[in-house]
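>>> mind looking at a prediction? Sequence and model below.
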Amino acid sequence: MTTRRNFLKKTGILSAITLVGIPKISNAISIENNFAAVKKPVVLSTWAHGLAANEGAWKILSANGKALDAVEKGVMVTEADITNLSVGLSALPDRDGIVTLDASIMDEQGRCGGVACLERIKHPIAVARLVMDKTPHVLLVGEGAQKFALDNGFKLEPKTLSPEAEKNYKEWLKKSEYKPKINIENHDTIGMIAIDANGDLSGSCTTSGLAYKMHGRVGDSPIIGAGMYVDNEVGAACATGLGETVLRICGSFLVVELMRQGYSPEAACKKAVERLVKKNPDYKNAQVGFLALNKKGEHGAYALQKGFNYAIADNSGNKLIDAASYLK
């Protein structure tokens, strides 16, 4: 008579169970505890203006809202800040005295949208989201981006510069020298990345670009994979600084891929900066900072020059952290 044990031997099932081992209850508990240890929600953003932006994002995250909504509404706070000279319509203009704005957004599904060289629209990040939600495209630029915004209910803002931007621009015109000041005129970005209570990631980035740039210049901020990137299986990253240097290494995508390989968020940012140094011989005259968040809610940052800081908001509060740097 064939017993159950003999049947298992014949079919090889018993051998397989012996080789693999039956999961113990303690292992199941360990997996559960690891899941519970994931830190969420969390929102990170670049520079000190990220503190106010985080507050806007946290209102959504703390109410169990989506990371996508949080990263959009969060950076809109910075875009609307009339004292900010690097984001939004109050920012420093290009060398022709025109403010042009770039932005991008990406969600947990890999959907993304962006706008570049957009004039006279108060919230480019909101237009970028509509590009993602309403069109088959990823990036709209210039007049086309503006027309799309107007067709979707946005209004044209005055063409005049803000008082502070006009004052700075007139001073710049005296010599018209293009020598951006490190940590002042050559970061010009707020990047934001977040993980919500559901464990989903999203990111956003918005900027007026380099002060006194050539008209039509576009940096890394609206380019998916350069200024910002999200992979919901791994993590999210954003960049700030001289966009041309970041574009050359697809910086934010690189950081996420390094995290996929097992690097911590800070270590991934550091490796990206080291790659940037190799690809940009004139790196000492630039500033770049990378900011990263992985699927566990762990975060980190690393910069080329001293002076880069970032804001983090979670259940313990909202604070500013100084990032380590390649150049001491």
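It's in. Numbering: from 1, shown residues only.
>>> show me what the longest helix along the chain is packed up against.
For the chain, the helix with the greatest residue count under DSSP state H is helix 265-279. Judged by 3 or more Cβ pairs under 8 Å, 6 or more residues apart in numbering; DSSP states H and E, helix 265-279 is in contact with strand 235-241, helix 243-247, helix 251-260, strand 288-294, strand 299-303. Where you see a C-beta, it was placed from the backbone N, CA and C, and this is true even at glycine.
>>> of these, which is nearest residue 51?
strand 288-294 (14.1 Å; Cβ to Cβ).
>>> before we move on, the earlier item: can you list the helices and strands packed on helix 265-279 in CSV and add mean pLDDT?
What follows is these, written out as CSV (pLDDT from 0 to 100):
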stretch, mean pLDDT
strand 235-241, 97
helix 243-247, 96
helix 251-260, 98
strand 288-294, 98
strand 299-303, 98
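>>> quick one: which of those is nearest residue 147?
helix 243-247 (24.8 Å).
>>> could you dump that closest one to PDB, C-alpha only?
Taking C-alpha atoms only, helix 243-247 is exported to PDB below (Å, rounded to 0.1, in the frame of the first residue of the first chain):
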ATOM      1  CA  GLY A 243      22.000  71.600 -15.100                       C
ATOM      2  CA  GLU A 244      24.500  71.000 -17.900                       C
ATOM      3  CA  THR A 245      26.700  68.900 -15.600                       C
ATOM      4  CA  VAL A 246      23.700  66.800 -14.400                       C
ATOM      5  CA  LEU A 247      22.400  66.300 -17.900                       C
END
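>>> sorry, back to before: now the longest helix of the chain: average pLDDT?
For helix 265-279, mean pLDDT is 98.
>>> for that helix, buried residues please.
Of the residues in helix 265-279, 265-273, 275-277 count as buried by neighbour count, 16 or more other Cβ atoms under 10 Å.
>>> closest one to residue 108 out of the residues you listed, please.
For the buried residues of helix 265-279, the nearest to residue 108 is residue 265 (17.5 Å; Cβ to Cβ).
>>> got the contact list for that closest one?
By Cβ atoms under 8 Å, 6 or more residues apart in numbering, the residues touching residue 265 are 235, 237, 255, 259, 292-294, 298-301.
>>> can you check residue 59 too?
residue 73.
>>> again, but for residue 148
Residue 148 neighbours (Cβ under 8 Å, 6+ apart): 127, 130-131, 135, 140.
>>> quick one: it from residue 135, how far?
Look at residue 148 and residue 135: by Cβ to Cβ, to the nearest Å, they are 8 Å apart.
>>> do residue 212 as well
Counting by Cβ to Cβ, the gap between residue 212 and residue 135 amounts to 32 Å.
>>> what's the answer for residue 113, then?
Look at residue 113 and residue 135: by Cβ to Cβ, they are 8 Å apart.
>>> of the two, who's got more company?
It is residue 113, of residue 113 and residue 135, that has more neighbours when counted by other Cβ atoms under 10 Å, with 25 against 12.
>>> for this protein, which spans come out with low pLDDT?
By pLDDT under 70, the weakly predicted segments of the chain are 1-37, 179-188.
>>> give me that answer again for 50
Applying pLDDT under 50 to the chain flags the ranges 1-36, 184-186.
>>> the helices in it, which residues?
So, for the chain - with DSSP H - the helices run 4-11, 13-20, 25-36, 50-61, 67-79, 124-134, 142-151, 163-173, 243-247, 251-260, 265-279.
>>> and of those helices, who's closest to residue 90?
The closest of these to residue 90 is helix 163-173. By Cβ to Cβ, the value is 6.2 Å.
>>> for the closest one, name the packing helices and strands.
By 3+ Cβ pairs under 8 Å, 6+ apart, helix 163-173 packs against no helix or strand.
>>> what's in contact with it?
83, 85, 90-93, 97, 99, 160-161, 211-212.
>>> still on that earlier bit, let me know which of the helices of the chain is tucked in deepest.
Highest mean neighbour count of the helices of the chain: helix 67-79, a mean of 27 (counted as mean count of other Cβ atoms under 10 Å).
>>> for it, packing partners?
Going by 3+ Cβ pairs under 8 Å, 6+ apart, helix 67-79 lies up against strand 42-46, helix 50-61, strand 101-106, helix 124-134, strand 189-195, strand 201-207.
>>> closest to residue 324 out of the ones you listed?
For the helices and strands packed on helix 67-79, proximity to residue 324 was assessed by Cβ to Cβ; strand 42-46 is nearest, at 14.9 Å.
>>> partners of the closest one, with directions?
Sheet pairing for strand 42-46, assigned by DSSP bridges, gives strand 189-195 (antiparallel), strand 309-314 (antiparallel).
>>> what's that strand in contact with?
If you take Cβ under 8 Å, 6+ apart as the criterion, strand 42-46 is touched by 50, 53-54, 57-58, 61, 67, 70-71, 74-75, 187, 189-195, 238, 240, 289, 291, 293, 297, 299, 308, 310-314.
>>> go with 6 Å
Applying Cβ atoms under 6 Å, 6 or more residues apart in numbering, the external contacts of strand 42-46 come out as 53-54, 57, 190-195, 240, 291, 293, 297, 299, 310-314.
>>> same check on stretch 126-146?
Against stretch 126-146 from outside (Cβ under 6 Å, 6+ apart): 72, 103-105, 111-118, 148-149, 152.
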